[in-house]
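**Q** Sequence plus the predicted model coming up.
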Amino acid sequence: DVKVTQSSRYLVKRTGEKVFLECVQDMDHENMFWYRQDPGLGLRLIYFSYDVKMKEKGDIPEGYSVSREKKERFSLILESASTNQTSMYLCASSSRTSGGTHTDTQYFGPGTRLTVL
Amino acid sequence: AQSVTQLDSQVPVFEEAPVELRCNYSSSVSVYLFWYVQYPNQGLQLLLKYLSGSTLVKGINGFEAEFNKSQTSFHLRKPSVHISDTAEYFCAVRPSGGYQKVTFGTGTKLQVIP
């Protein structure tokens, strides 16, 4: 089974702190994603990566950055946390088919509930 | 760009009754469509997906969905729900060509009443 793990289930930080959220997948997937989930807003894509050292902005990248130095690991960084970044953060991964068509099924981690005070 | 609309934020239904969760999408190109489920305190997992072929798609746990291109809909159905189906359900869409990001709907909370 595909396994996507996230470094913390719950995290409490103070305004202005630098925050690192780590995501690791064990299925050699090329694609990795970071979403935030807020009540009534569903999932919104922050950043995604389709290869090592590659990254693309999603719908709401402001205030976030990402790092992908190894294929299995995708990190989300809040350079200076703010209260409006209090949210549930979900990481996901997916594979690319051999024909080069990016695949369809995303596998999600359990989420990190971040509270910024 | 594409968008997804889930009109119902919450759907209460009695156990063993049928249920339909509605999903409409908008896109200028052909699409792939998905339904994901999120159980309490867990991440999302795929229920079913439509890529091509038969418009009636069967998924896990007895769920099915029908792709209707003319009505741009992909409604999720189950003929008889169980308490364990209580969860939040997300419809999602992405363009079928090349690499494009997936757009999720705002979710529908299904509450199964004993």
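**A** Received it, and whenever you're ready, just let me know what you need.
**Q** Quick check: the residue of chain B nearest chain A.
**A** Per Cβ to the nearest Cβ, B:G43 is where chain B lies closest to chain A, at 3.4 Å. All C-beta atoms are positioned from the backbone trio N, CA, C, and that covers glycine.
**Q** Identify the bridge partners of the residue sitting nearest the centre point of chain B.
**A** Centre of chain B computed as the mean C-alpha position; nearest residue by Cα atoms, centre = their mean is B:W35, 3.4 Å away. Assessed by DSSP bridges, B:W35 has beta-bridge partners B:L48, B:C91.
**Q** just the strands in the chain please.
**A** No chain specified, so I'll use chain A. With DSSP state E as the criterion, chain A has strands at A:4-6, A:10-13, A:19-25, A:31-38, A:42-49, A:56-57, A:65-70, A:73-78, A:87-94, A:107-108, A:112-116.
**Q** nope, chain B please
**A** Using DSSP E, strands in chain B cover B:3-5, B:10-14, B:19-21, B:24-26, B:31-38, B:44-50, B:56-58, B:64-68, B:73-78, B:87-95, B:103-104, B:108-113.
**Q** Please render those as a markdown table that adds mean pLDDT and distance to A:S67 to the earlier fields.
**A** A markdown table is the format used below for these (pLDDT from 0 to 100; distance: least, Cβ to Cβ, whole Å):
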| stretch | mean pLDDT | distance to A:S67 |
| --- | --- | --- |
| strand B:3-5 | 94 | 29 |
| strand B:10-14 | 97 | 38 |
| strand B:19-21 | 98 | 37 |
| strand B:24-26 | 96 | 33 |
| strand B:31-38 | 94 | 26 |
| strand B:44-50 | 93 | 23 |
| strand B:56-58 | 94 | 37 |
| strand B:64-68 | 96 | 37 |
| strand B:73-78 | 97 | 35 |
| strand B:87-95 | 94 | 25 |
| strand B:103-104 | 92 | 24 |
| strand B:108-113 | 97 | 34 |
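**Q** would JSON lines of those with distance to A:I77 be doable?
**A** Below are those laid out as JSON lines (distance: least, Cβ to Cβ, whole Å):
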{"stretch": "strand B:3-5", "distance to A:I77": "28"}
{"stretch": "strand B:10-14", "distance to A:I77": "35"}
{"stretch": "strand B:19-21", "distance to A:I77": "36"}
{"stretch": "strand B:24-26", "distance to A:I77": "32"}
{"stretch": "strand B:31-38", "distance to A:I77": "25"}
{"stretch": "strand B:44-50", "distance to A:I77": "23"}
{"stretch": "strand B:56-58", "distance to A:I77": "38"}
{"stretch": "strand B:64-68", "distance to A:I77": "37"}
{"stretch": "strand B:73-78", "distance to A:I77": "35"}
{"stretch": "strand B:87-95", "distance to A:I77": "26"}
{"stretch": "strand B:103-104", "distance to A:I77": "23"}
{"stretch": "strand B:108-113", "distance to A:I77": "31"}
